[in-house]
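Peer 1: Make a model of this:
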Amino acid sequence: MTMKVTTATAHFLLVFLASTISHSVICSALGNETDQLSSLLEFKNAMSLDPEQSLISWNSSNHLCSWEGVSCSSKNPPRVTAIDLSHQGLVGRISPSLGNLTFLRNLSLATNRFTGQIPASLGRLRRLRSLYLSNNTLQGTIPSFANCSELRALFLDGNELAGGLPGAGDLPVGIEALVLSSNRLAGTIPPSLGNVTTLRKIACMNNGVGGGIPGELAALRGMEVLAVDGNRLSGGFPVAVMNMSGLAVLGLSTNGFTGELPSGIGGFLPKLRQLTIGGNFFQGNIPSSLANASNLFKLGMSDNNFTGVVPASIGKLAKLTLLNLEMNQLHARSKQEWEFMDNLANCTELQVLSLEKNQMEGQVPSSLGNISVQLQYLYLGLNRLSGSFPSGIANLPNLIILALDDNWFTGSVPQWLGGLKTLQSLTVSYNNFTGCENLQHIELDHNNLSGGIPPSFGKLISLKFLNLSHNKLTGSIPMLLGDLQLLEQIDLSFNHLRGEVPTKAQRLNIVVDVSDALAYLHHNHQGPIIHCDLKPSNILLDDSMTAHVGDFGLARFKIDSKTSLGNSVSTSSFAINGTIGYVAPECAIGGQVSTAADVYSFGVVLLEIFIRKRPTDDMFKDGLSIAKYADINIPDRLLQIVDPQLVQELSLNQEDPVATDENAAHCLLSVLNIGLCCTKSSPNERISMQEGSMLLDMEQRVLMEEIVTLLPVERAVATTRFVLGLLRTDMILHTGVACRDALEMRASKQLKEATHEDLLTPTPATLWRRSMTWTAWSGCWSSSSSQFTNSSVYVHRSVSPQI
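Peer 2: Residues are numbered from 1 along each chain as shown. Below is the predicted model of the structure:
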């Protein structure tokens, strides 16, 4: 039976079909938007820290297309096509839910603090064109992106990714940029990468990739950037790159490549702009064909074994800004071999030139002055250059660093050098320059000087003042500075110099030496002399750690007007130009000059030495000085304020110092109390320098008495050499190496002349009694200032560890 479809029936069917399709589309659109919302919120919930509040708009009250960092298509319904949350400081893991955003084209999460692995789900994003995950802390291996057929740029550099490099099977066919630098990748470069002919950039610097560069990469004729610096690659120069005629950047530095460079390298790579091959084992001559790469602006060939001369044709590289040929075996002996210097005048944009550590000889051509006025860094050190100071340097007004060290230059350093106003670093050490013997004053403080202190400063025999403070100097202090007999003041503070920190014994030596010196100045027979500016930079230490007080530029004789405490008060009205932090309070407000001002400065120095804090430290403000800081913490918190290294050295317990080592804690307490006695606010309340010196000398007596408890009652025999070894310690021989040497000579002579009976002595314990001053003890001598200087005691048994 045949059915007849009426017009009304047909109309009903059409309406029903349209409504069904419309309902299906609407449901699909709503479902897709819900999926996107859910995926993005899962990503947000995976964050543990959002310091920039970049995800604060990611909530249901705002449409997801208005969320920060989210971009959508303009079609209806809108699709998430891009997410850019780079440089937001986000902390967390990358949620796999991002793999559900199937319309995503660009994803940038670079420069955050993401951890964990790269979700494998990102490999499902077929429409993804760029993925930037650089500069995070991502770990694990690199997942496959073979299904991301639209992917063109993959940036995963600056993470902690491990495993091998992805091969052709893990990459989409059309990828153009593969950037994997600064990870922990290993293995070798996959030869299959030669099949990804769309590649234009491969950057795999600073990893652990080994082997050679596969010959299969010769098929990548469109390659523009090949940077594999800082790996473990080896073999000869990769001939595969010679087919990459469009190559602009070639980086092979810091690997293990060997052999010679192809003679025609410049002809095969005419578009080359950067060539960095330093830190390898290349040898032979530098190819003159490099001149054919006329766009070359950066040429780094340092730290290889290149020989011969620098080709004169190098001057044809007119766009060159950097030429680094240092640390090779290049030479220039004749005018013809120096021709390259003449031709560098054509390189009008040159900013960096380094020929350091080669075999350049003779006088530097005057044509050096014809080089670009843009030159900022010139390194000619560690060669065999001779003659006078290169005059052409005067024509380089923009120099920042000039290094001429370790050559054979003679003559004087020209005065016009001071006209180079941009010059920040000048290195001329280890030459034969003269004309500086009369230099007395050097002030280079508050600059950005770096590197070590030039040992050549030790040749400035007339130098009295040296200030290198507030720089970035490193290394140790040259020993030659100790030979400058006229040097009165040296300031090396606020640098990064290294060296041993003085022990407790050495610190005590320093304050004893300084106190004795000031006591002599204040109480000598010709009238008191006040230093007026005592501070650490005016205290010089010789090689035996003996302290010498220097810089008497502000010192003056005083007309005595005795106070009740015996301090000499000046009748002069001259203002004191002391140093902030060390100057006495009364001098800071224009009070009278007195020896008590020096006592105050000495107390501050003493506290600084043992607390290891400067009186100008940021913590000392709002009326709190280093003296008040010590006063409020002594004795209850003694070990909380002294230098932690002293606490460690003496093995003291901060919770109960007395129970740990009563003698050591008592010594620290006694010394710091002397500092407090010197830093009283009122000059009349301070002790005199003579009293301070005597108090510090009493610390020696306490240490000497420690010996008594360990001496035997019976007669004893021992070798002088043993005693001398003990008396070498700084806690006893405060007078330094001269006194020690005199003692050794005297004792050695006695030992040679002595008989067996002479070496048998009555026990010293019966002659060393507390009722007697130690200067009267048998076998001990003292100086006029009652300072222990000598001994001829023979002992048998162990000696106090305090010695």
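Peer 1: Just want the phi and psi numbers for residue 178.
Peer 2: phi -120, psi 110 (degrees, to the nearest 10).
Peer 1: can I assume residue 484 is in contact with residue 459?
Peer 2: No. Taking C-beta atoms under 8 Å as the definition, residue 484 is not a contact partner of residue 459, at 9.1 Å. For glycine as for every other residue, the C-beta is placed from the backbone atoms N, C-alpha and C.
Peer 1: quick one: the helices in this structure?
Peer 2: For the chain, applying DSSP state H gives helices covering 7-45, 265-268, 339-343, 504-523, 585-588, 595-611, 626-633, 638-641, 644-649, 657-660, 662-678, 689-708, 720-727, 737-753.
Peer 1: Can you give the distance from the third one to the centre of its chain?
Peer 2: Averaging C-alpha positions (C-alpha atoms, centre = their mean, to the nearest Å) puts helix 339-343 37 Å from its chain's average.
Peer 1: Quick one: residues in contact with it.
Peer 2: 309-316, 332, 364-365, 367-368, 370-371 (C-beta atoms under 8 Å, 6 or more residues apart in numbering).
Peer 1: which one of the residues you listed has the most neighbours?
Peer 2: Within those, neighbour counts (other C-beta atoms under 10 Å) peak at residue 310, which reaches 28 neighbours.
Peer 1: how close does it sit to residue 360?
Peer 2: 9 Å (C-beta to C-beta, to the nearest Å).
Peer 1: swap in residue 170?
Peer 2: Taken as C-beta to C-beta, the span from residue 170 to residue 360 is 50 Å.
Peer 1: which one of those two has more residues nearby?
Peer 2: Between residue 170 and residue 360, residue 360 has the larger neighbour count (other C-beta under 10 Å), namely 24 against 17.
Peer 1: ok, the more buried one - contacts?
Peer 2: When contacts are counted by C-beta under 8 Å, 6+ apart, residue 360 touches 330, 331, 332, 380, 383, 384, 385.
Peer 1: Can you say which of those are buried?
Peer 2: Among the contacts of residue 360, the ones that count as buried by 16 or more other C-beta atoms under 10 Å are 330, 331, 332, 380, 383, 385.
Peer 1: just to revisit the earlier point, name the nearest of the contacts of helix 339-343 relative to residue 393.
Peer 2: Nearest to residue 393 among the contacts of helix 339-343 is residue 368, at 6.7 Å by C-beta to C-beta.
Peer 1: count of neighbours near the closest residue to that closest one other than its chain neighbours?
Peer 2: Computed as C-beta to C-beta, 6 or more residues apart in numbering, the closest residue to residue 368 that is not its neighbour in sequence is residue 392, at 3.5 Å. The number of residues packed near residue 392 is 15, by other C-beta under 10 Å.
Peer 1: do the same with residue 323
Peer 2: Using other C-beta under 10 Å, residue 323 has 24 neighbouring residues.
Peer 1: And for residue 446?
Peer 2: 11.
Peer 1: Equivalent analysis for residue 632, please.
Peer 2: Neighbour tally, residue 632, other C-beta under 10 Å: 11.
Peer 1: mind checking pLDDT for it?
Peer 2: With respect to pLDDT, residue 632 has a value of 91.
Peer 1: Tell me how far it lies from residue 450.
Peer 2: From residue 632 across to residue 450, the span is 40 Å (C-beta to C-beta).
Peer 1: and what of residue 144?
Peer 2: Counting by C-beta to C-beta - residue 144 and residue 450 are separated by 47 Å.
Peer 1: related to what we said a few turns ago, rank the helices of the chain by pLDDT, which is bottom?
Peer 2: helix 720-727 (a mean of 38).
Peer 1: on that earlier part again, most widely separated two among the contacts of helix 339-343?
Peer 2: Largest separation among the contacts of helix 339-343 by C-beta to C-beta: 316 and 364, giving 21.8 Å.
Peer 1: what sits against residue 375?
Peer 2: Counted by C-beta under 8 Å, 6+ apart, residue 375 has contacts 350, 351, 352, 353, 396, 398, 399.
Peer 1: same question, residue 94
Peer 2: Going by C-beta under 8 Å, 6+ apart, the list of residues near residue 94 reads 43, 46, 109, 114, 116, 118, 119, 133, 138.
Peer 1: ok, the third one touching residue 133?
Peer 2: Yes. Residue 109 sits in contact with residue 133 when judged by C-beta under 8 Å, with a separation of 5.6 Å.
Peer 1: circling back: which ones among the contacts of residue 94 map onto strands?
Peer 2: residue 114 (DSSP state E).
Peer 1: for the stretch 1-150 of the chain, which spans come out with low pLDDT?
Peer 2: The model of the stretch 1-150 of the chain has pLDDT under 70 over residues 1-31.
Peer 1: ok, now with 50
Peer 2: The stretch 1-150 of the chain contains residues with pLDDT under 50 at 1-3, 5, 15-31.
Peer 1: Could you measure from residue 236 over to residue 393?
Peer 2: 40 Å.
Peer 1: for residue 189, same thing?
Peer 2: Separation of residue 189 from residue 393 (C-beta to C-beta) stands at 45 Å.
Peer 1: What of residue 578?
Peer 2: Residue 578 sits 42 Å away from residue 393, going by C-beta to C-beta.
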